[in-house]
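Participant: kindly generate the corresponding structure for this input.
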Amino acid sequence: MAKPKPSSSLSSISDITFTGLGNLIKLLPTGTVFIFQFLNPVLTNNGHCSPINKVFTSILIGLCGFSCAFSCFTDSYKGSDGLIHYGIVTVKGLWPCSDPGSVDMSRYKLRIGDFVHAFFSVIIFAVLSLLDTNTVQCFYPSFQSTEKVLLMALPPVIGAISGTVFMAFPNTRHGIGYPSSNSNSDDS
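Facilitator: I've put the predicted structure just below:
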């Protein structure tokens, strides 16, 4: 007697869930998120802040937010030497950090989607950083107990809105801080 395979429907649901989660994670530069997660407990003194802790934490959040926005305007290409090189996206094309050789840099022009990605990357990072437990305890400790519903509801709402926008404006760039694709980087 053959058993039905309910696990196949569960595995397809989990595959879809993990794929969606993976796509949301790709929206933020991994190094920036790691630096924030690593330094935030130290700079906030695990949520028990003095005024200098608040200054340093504010600087960290500002620098990481800038990094999220800036990295949306970078891209990579495979040079004639076969190595991956990075550059800054401009209206005329990619401004490389090194000699591009025979690679056509005009293919990497600035697009509206780059600004959309930068805006929503900063919004996602702001939600991640400003609703972090240590940040909440440091900057607005009474908020954690009085506005618990907002702390629980805002991240999924922002994630759903951002995910929808990122589906409308898919990111094809593989810039600084973003994972490279398995395909050829010339196609970005």
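
Participant: which parts of this structure are strands?
Facilitator: 74-78, 84-89, 94-96 (DSSP state E).

Participant: same list, those, but as a markdown table with mean pLDDT, distance to Gln137 and mean neighbour count please.
Facilitator: (Glycine included, C-beta is placed from N, CA and C.) Shown next, in a markdown table, are the strands of the chain (pLDDT from 0 to 100; distance: least, C-beta to C-beta, whole Å; neighbours: other C-beta atoms under 10 Å):
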| stretch | mean pLDDT | distance to Gln137 | mean neighbour count |
| --- | --- | --- | --- |
| strand 74-78 | 86 | 34 | 22 |
| strand 84-89 | 88 | 37 | 18 |
| strand 94-96 | 87 | 42 | 20 |
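
Participant: now do the same contact list for the residue nearest the centre of the chain.
Facilitator: Closest residue to the average C-alpha location of the chain: Leu28 at 0.6 Å, with C-alpha atoms, centre = their mean. Listed by C-beta atoms under 8 Å, 6 or more residues apart in numbering, the contact partners of Leu28 are 68, 121, 124-125, 128.

Participant: isn't Phe120 up against Ala160?
Facilitator: No: using C-beta atoms under 8 Å, Phe120 and Ala160 do not qualify as a contacting pair, with a distance of 11.9 Å.

Participant: neighbour count winner among those two?
Facilitator: In this comparison of Phe120 against Ala160, neighbours counted by other C-beta atoms under 10 Å, the higher total goes to Phe120 at 21 against 12.

Participant: need the pLDDT of the more buried one.
Facilitator: Predicted confidence (pLDDT) for Phe120: 91.

Participant: ok, it to Phe169 distance?
Facilitator: 9 Å (C-beta to C-beta, to the nearest Å).

Participant: where does the chain dip in pLDDT?
Facilitator: Segments of the chain classed as low confidence (criterion: pLDDT under 70) are 1-27, 144-146, 177-188.

Participant: all helices for it, in order.
Facilitator: Taking DSSP state H to define them, one finds helices in the chain at 6-25, 30-43, 51-71, 112-130, 133-139, 141-146, 148-168.

Participant: and the third one, what does it pack against?
Facilitator: Other helices and strands packing on helix 51-71, by 3 or more C-beta pairs under 8 Å, 6 or more residues apart in numbering; DSSP states H and E, are helix 30-43, helix 112-130, helix 133-139.

Participant: starting at the chain centroid, how far to that helix?
Facilitator: Relative to its chain's centre, helix 51-71 lies at 15 Å (C-alpha atoms, centre = their mean, to the nearest Å).
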